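K.L.:
got a predicted structure plus its sequence, pasted below:
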Amino acid sequence: QLVESGGGLVQPGGSLRLSCAASGFTLDYYAIGWFRQAPGKEREGVSCISSSGGSTNYADSVKGRFTISRDNAKNTVYLQMNDLNPEDTAVYYCAADPVYWTTSDTWYVPEYWGQGTQVTVSS
């Protein structure tokens, strides 16, 4: 099971850090990614990190503002989100898969998903 946390309401320009924790299995052998879905919009891949943490990739819309990282000792993956804007408002989901994927692989559906956490950017 994957559980996201850290969402909330933040003003434009603010920051949030999302966490994705696993229970019942270890994340060591899984690539972990973040997706988001805003109302009325398709789900968008945001970022992905390989099992070792040695490879990462980001959607163009978040490059330079978001950073994905992992702490395998804590069985947790993080998404640091800076300089948030209203277009970042969405439900954010983490997902796990044995295979590393890129956000441009829109056809790829990871095997395990969390329940999502709401991020709202508004003044």
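P.N.:
Yes, it's here.

K.L.:
distance check, the most centrally placed residue in the chain against Ser47.
P.N.:
Taking CA atoms, centre = their mean, the centroid of the chain lies closest to Trp34, which sits 2.4 Å from it. Separation of Trp34 from Ser47 (CB to CB, to the nearest Å): 5 Å. Every residue, glycine included, has its C-beta placed from N, CA and C.

K.L.:
where do the contact lists of these two overlap?
P.N.:
68, 79 (CB atoms under 8 Å, 6 or more residues apart in numbering).

K.L.:
tell me which residues touch the closest residue to Tyr29 other than its chain neighbours, please.
P.N.:
Spatial nearest neighbour of Tyr29, chain neighbours left out: Ser51 (5.5 Å); criterion: CB to CB, 6 or more residues apart in numbering. Residues in contact with Ser51 (CB under 8 Å, 6+ apart) are 27-31, 98, 100.

K.L.:
part of a strand, is Ser51?
P.N.:
No. Counting by DSSP: H, G, I helix; E, B strand; the rest coil, Ser51 is not found in a strand; it is coil.
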